[in-house]
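Student: please find the sequence and the predicted model below.
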Amino acid sequence: MGVNQSWVTEFILVGFQLSAEKEVLLFWIFSLLYVFSLLANGIILGLIYLDPRLHTPMYFFLSHLAVIDMSYASNSVPKMLANLVNHKRTISFVPCIMQTFLYLAFAHTECLILMVMSYDRYVAICHPLQYTVIMSWRLCVVLTVTSWSCGFLLALVHAILLLRLPFCGSQEVNHVFCEILSVLKLACADIWINHVVLLAASVFVLVGPLCLMLISYMHILCAILKIQSKEGRMKAFSTCSSHLCVVGLFFGIAMVVYMVPDSNDQEEKEKMLSLFYSLLNPVLNPLIYSLRNAQVKGAFHRALQKMRFV
């Protein structure tokens, strides 16, 4: 009988395997993106909290999206930055599993929050006269709590299934953080149930919400085309365009990573795509919602004016 190797103390994060000069350059680029993402999402949160005009369901959901983006980035980027300047790229077993759990929890929650936001836009455009009745604060809170609860419960299932596995042989995680597919490859046991649950979760939080969002936007498009004035159509479409951009980027890349069969260079593609969720997505979301949203820009200008008179 060999030694039981299920109690692994640490993993090694392989990362990008570039020259020292390129890794230092990436360190500064990633650091700037990370700081900017925290600042941009923090400003969005501050504006929504301080400006009474933004105390609506749409911006209530947007505030949760900002919290998710900040948490998502903070879960993996600090360790990624440390590894770019540190040759000892180890991570202990428990922090690795926690990183996997939080990464999945925030990803699942963001999918569901984006679906809730599409429903909010559907009610606002297709049933404007009943909007305040349908989208009550009680419903908003229930939808938000349900999204967070489902996201974390699904991630907990993945984490429990991961903890039951023994790990042996190579301890090198071929990724920039403890991404679940890369960690599963190190297990020396049958992982079919992990893949089945992962596929089922992908259908639940990716395919299902995406289909519901497509149905919502089909109704929204029909409602917009029925608007007589050009100005009215443009205003209605502008309220949805930001959300459509975020949904397209987030769901498109997620489906490529988790629902496309493995290929020879799939791992390297996953490393690059993971940067989108960890760094680019938290930066792009506040930019998309602020640059394309007159209310957010108005709130920002009002906040600047108040600061000048203080």
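Tutor: Cool, got the structure.
Student: now do the contacts for Ser71.
Tutor: If a contact means C-beta atoms under 8 Å, 6 or more residues apart in numbering, then Ser71 has Leu102, Phe106 as its contacts. For glycine as for every other residue, the C-beta is placed from the backbone atoms N, C-alpha and C.
Student: any idea how far it lies from Val205?
Tutor: Distance, Ser71 to Val205, by C-beta to C-beta, to the nearest Å: 17 Å.
Student: repeat for Met135
Tutor: Taking C-beta to C-beta, one finds Met135 at 22 Å from Val205.
Student: also Gln295?
Tutor: Distance from Gln295 to Val205, counting by C-beta to C-beta: 29 Å.
Student: looking at these two, which has the bigger crowd around it?
Tutor: Val205 (25 against 17; other C-beta atoms under 10 Å).
Student: residue ranges with poor pLDDT in the stretch 201-310 of the chain?
Tutor: When residues are selected by pLDDT under 70, those of the stretch 201-310 of the chain lie in 236, 239, 256-269, 291-292, 308-310.
Student: verify the stated contact: Ala303 with Leu47.
Tutor: Yes: the criterion here is C-beta atoms under 8 Å, and Ala303 meets it with Leu47 at 6.2 Å.
Student: so which of the two has more stuff around it?
Tutor: Leu47 (25 against 14).
Student: the helices in the stretch 201-310 of the chain, which residues?
Tutor: Taking DSSP state H, counting those that start in this stretch to define them, one finds helices in the stretch 201-310 of the chain at 208-225, 230-259, 266-275, 281-291, 294-309.
Student: what's the last one packed up against?
Tutor: Okay, so that is helix 294-309. For helix 294-309, the elements it packs on are helix 20-50, helix 281-291, judged by 3 or more C-beta pairs under 8 Å, 6 or more residues apart in numbering; DSSP states H and E.
Student: quick one: closest of those to Ser274.
Tutor: Closest of the helices and strands packed on helix 294-309 to Ser274 is helix 281-291, at 10.3 Å (criterion: C-beta to C-beta).
Student: any idea how far Val77 lies from Met135?
Tutor: Per C-beta to C-beta, Val77 is found 34 Å from Met135.
Student: now do the contacts for Tyr277.
Tutor: Tyr72, Ala107, Phe250, Ile253.
Student: so where is the stretch 1-150 of the chain shaky, pLDDT-wise?
Tutor: 1-8.
Student: regarding Ile91, what is its secondary structure?
Tutor: Using DSSP: H, G, I helix; E, B strand; the rest coil, the structure places Ile91 in strand.
Student: I appreciate the help and will end here.
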